[in-house]
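Student: mind folding the following:
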Amino acid sequence: MSKKARGLPAWAIACLLCCAGPVLAQTDPATGPLSVIDWLEAQPHSIRPDAAPERFEAPVATSVAVPEITVSPLGEGSPRAIGLVPASITGLPNDLWAGSTAGNVIKLLDDLPDLHLPAARALLYTVLLAEALGPEGGAKAADALALARVEKLVELGALAPAMSLIEQAGVSTSPAHFDLWMQISLLTGNEDRACEMLSRLPHLTNDYGVRILCDARSSNWEDAALTLGSAQALGLMPQDRLDLIDRFLHPDVYEGATPLVPPRKTDPLSFRLFEAIGEPLSTRTLPRAYAVADLRDIAGWKAQLEAAERLTRAGALPDNRLLGIYTDREPAASGGIWDRVEALQRFDTALGTRSIDAVTKTLRPAWEAMQEAELEVAFATLFGDALSQIPLTGSSAELAYEIRLLSPAYEAAAASPPDTADAPFLAAIARGEAPETRAEDAIATAIVAAIANPTPVQPLLNAASAQELGETILRCLAMLNEGAEGNAAALRDALSTLRALGLEDTARRASLQILLLERDI
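Tutor: Residues are numbered from 1 along each chain as shown. Have a look, this model is predicted:
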């Protein structure tokens with residue numbers, strides 16, 4: 001029996017044996033596991049709702065034999081797995097939600113705090129995007145959970161996977177599904193497909209503003225004006241929305257008019273309409289999902305940089321996309337974000353030369369710039385492997401070691417720690433072993449205890465064994481977030497439970513991030 005399992009009670013070992021295999025199978029000690037966001041970015045094809053179904057039977061009958069007919073109640077049938085990332089990548093079973101109720105899972109998603117620990121966010125994305133069957137309650141419950149998963153992705157700012165997931169779930173399943181699809185489409189500038197479907201299935205929305213927009217996009221100006229007139233006469237929309245749509249439909253009438261007052265609470269339709277009338281809203285104070293609009297080429301480079309940093313902090317943007325935007329051109333000014341861009345570009349160039357002196361000079365300024373932006377883990381993921389190829393010495397070697405411990409290849413980094421006081425302690429954590437040296441504070445002590453004397457929460461393990469693994473992971477994430485904020489007992493229990501569930505990679509990376517990130521998680 002491994003050191004990780006020693007000391008666990010029988011029920012925890014049984015759960016570990018049942019759950020750990022597929023989850024740990026995704027981990028490569030050399031490069032670490034691939035995040036689901038990065039995996040999705042690498043896929044050549046996206047999911048579309050209008051994709052032609054694959055045929056599994058010949059188009060013409062070959063005999064006159066009467067086939068056996070199976071009768072089942074309308075709306076029921078074989079369960080359908082919804083998710084973008086297969087079990088071979090996530091390591092999670094397809095019965096992730098099978099023993100839960102949609103209401104319980106949706107409440108957990110709604111109550112889940114904004115996770116600031118990168119390892120916790122990565123696991124949340126994995127759960128949200130994992131291919132899995134629906135919960136108890138049949139198709140209706142599965143549709144409700146799929147909708148909640150998409151809403152959570154939108155809240156996180158991950159609009160590309162949110163779009164694919166809602167399309168896979170079925171955008172015409174209900175008006176709620178269509179309306180969410182339309183909101184995502186408006187934020188990403190892809191509303192034409194949604195409008196085309198609405199023209200064929202007008203019952204999918206009761207939003208008169210969306211109807212007017214779609215009529216206008218298809219040059220049905222008379223229908224758009226008629227709907228607006230009816231809405232004005234019957235008071236079907238708030239006055240500020242009516243004024244905004246009126247300016248959108250009649251720009252010549254309002255040429256030179258005083259700009260409209262931005263709404264206190266905006267929505268995707270208003271956001272796009274303000275942009276259309278030449279009065280774009282700043283995304284800085286808007287929810288995270290709106291930042292995606294600033295990634296477009298029509299936005300200025302500074303807006304793109306700020307949006308990329310904001311989304312990367314939330315784990316919603318692939319790290320390589322951030323690097324591409326950072327290195328797109330030379331900084332136009334100095335101070336703030338421009339200093340970060342310059343520091344990272346200099347380090348990237350130095351790393352390309354493989355010059356020890358150049359890397360030594362540029363590493364710390366680049367790292368401090370990433371600390372300022374809270375992008376340390378993204379930096380480590382991008383450059384950790386390349387840093388391992390440069391024979392640095394002194395304080396630069398120590399810093400490179402800690403950076404590599406924050407990368408997916410943390411276990412490989414732990415194999416060759418520098419000769420410093422803290423290095424053996426961190427290396428043991430990275431290997432999932434109890435350190436020989438004593439922890440210095442309560443949080444570090446809790447991390448060590450989760451390895452040396454794990455105390456997994458038995459009710460959570462019982463729930464996981466009852467096909468409530470997805471629900472269990474969400475509860476663990478809430479507990480881990482509480483632990484990262486300073487509750488040592490919650491941290492010990494969360495890490496212990498994650499390890500018992502086979503989520504060893506998350507437990508180790510979370511521990512290293514708590515120990516190494518020099519900021520409030």
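Student: can you pull the pLDDT of Leu40?
Tutor: Leu40 carries a pLDDT value of 83.
Student: residues near it, how many?
Tutor: The tally of other residues near Leu40 (other CB atoms under 10 Å) stands at 20. C-beta here means a position set from N, CA and C on the backbone, and glycine is covered the same way.
Student: for Pro118, same thing?
Tutor: By other CB under 10 Å, the residues close to Pro118 number 26.
Student: next, count neighbours for the residue nearest to it when sequence neighbours are not counted.
Tutor: Distances taken as CB to CB, 6 or more residues apart in numbering put Val377 closest to Pro118, at 4.3 Å, once the chain neighbours are dropped. Val377 has 28 neighbours, counted by other CB under 10 Å.
Student: also Asp179?
Tutor: If we define neighbours as other CB under 10 Å, then Asp179 has 18 of them.
Student: where's Arg508 relative to Glu374, distance?
Tutor: Arg508 sits at a distance of 21 Å from Glu374 (criterion: CB to CB, to the nearest Å).
Student: so for those two, which sits in the more crowded spot?
Tutor: The neighbour count for Arg508 versus Glu374, taken as other CB under 10 Å, is higher for Arg508 (25 against 16).
Student: so what's the predicted local confidence for the more buried one?
Tutor: Reported pLDDT for Arg508: 98.
Student: output the below-cut-off pLDDT ranges for the stretch 1-150 of the chain.
Tutor: Applying pLDDT under 70 to the stretch 1-150 of the chain flags residues 1-34, 44-79.
Student: what is the helix or strand hosting Leu351 packed up against?
Tutor: Under the criterion of DSSP states H and E, Leu351 resides in helix 337-353. Using 3 or more CB pairs under 8 Å, 6 or more residues apart in numbering; DSSP states H and E as the contact test, the elements touching helix 337-353 are helix 301-313, helix 319-326, helix 356-373, helix 376-387.
Student: looking at the ones you listed, which is buried most?
Tutor: helix 376-387 (a mean of 23; mean count of other CB atoms under 10 Å).
Student: just checking, what packs against it?
Tutor: helix 319-326, helix 337-353, helix 356-373, helix 394-405.
Student: go with 10 Å
Tutor: If contacts are counted by 3 or more CB pairs under 10 Å, 6 or more residues apart in numbering; DSSP states H and E, helix 376-387 sits against helix 118-129, helix 301-313, helix 319-326, helix 337-353, helix 356-373, helix 394-405, helix 410-414, helix 504-516.
Student: distance to Ser100 for those helices - can I get that in TSV?
Tutor: Listed next are the helices and strands packed on helix 376-387 as TSV, based on distance: least, CB to CB, whole Å:
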stretch	distance to Ser100
helix 118-129	12
helix 301-313	30
helix 319-326	32
helix 337-353	43
helix 356-373	37
helix 394-405	35
helix 410-414	32
helix 504-516	20
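Student: from Met197, how far off is Val261?
Tutor: For Val261, the distance to Met197 equals 33 Å [CB to CB].
Student: between those two, point out the one with more neighbours.
Tutor: Met197 (18 against 8).
Student: the more buried one contacts Gly170, doesn't it?
Tutor: No. Contact criterion CB atoms under 10 Å: Met197 and Gly170 do not qualify, at 11.4 Å.
Student: returning to what we had before: for Ala430, find the nearest of the helices and strands packed on helix 376-387.
Tutor: Nearest to Ala430 among the helices and strands packed on helix 376-387 is helix 410-414; the distance by CB to CB comes to 3.7 Å.
Student: mind listing residues that contact the closest one?
Tutor: Helix 410-414 is contacted from outside by 27-32, 380, 384-385, 387-388, 400-407, 423-424, 426-433, 505, 508-509, 511-513, 516, using CB atoms under 10 Å, 6 or more residues apart in numbering.
Student: excluding sequence neighbours, find me the nearest residue to Glu151.
Tutor: Leu180 (6.7 Å).
Student: no wait, Ser511
Tutor: Leaving aside its sequence neighbours, Ser511 sits nearest to Ile447 (CB to CB, 6+ apart; 4.6 Å).
Student: any chance of TSV for the helices and strands packed on helix 337-353, columns mean pLDDT and distance to Arg193?
Tutor: As requested, the helices and strands packed on helix 337-353 are exported to TSV (pLDDT from 0 to 100; distance: least, CB to CB, whole Å):
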stretch	mean pLDDT	distance to Arg193
helix 301-313	97	23
helix 319-326	96	23
helix 356-373	97	35
helix 376-387	97	32
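Student: Thr393: which of the ones you listed is closest?
Tutor: The nearest among the helices and strands packed on helix 337-353, by CB to CB, is helix 356-373 at 8.0 Å.
Student: between that closest one and helix 337-353, how many degrees?
Tutor: 150 degrees (axes from the mean of the first three to the mean of the last three CA atoms, to 10 degrees).
Student: chain center to the strand or helix carrying the residue nearest to Ser511: distance?
Tutor: Here Ile447, judged by DSSP H and E, is contained in helix 442-452. Chain-centre distance of helix 442-452: 28 Å, with CA atoms, centre = their mean, to the nearest Å.
Student: alpha carbons only: can I get the helix or strand that that helix is followed by in CSV?
Tutor: The element immediately downstream of helix 442-452 (helix or strand, assigned by DSSP H and E) is helix 458-465. Extracted in CSV, the C-alpha atoms of helix 458-465 (Å, rounded to 0.1, in the frame of the first residue of the first chain):
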residue,chain,number,x,y,z
GLN,A,458,-17.1,10.5,5.7
PRO,A,459,-20.6,11.9,4.7
LEU,A,460,-19.0,13.3,1.5
LEU,A,461,-17.3,10.0,0.7
ASN,A,462,-20.6,8.2,1.3
ALA,A,463,-22.3,10.6,-1.1
ALA,A,464,-19.6,10.0,-3.7
SER,A,465,-20.1,6.3,-3.5
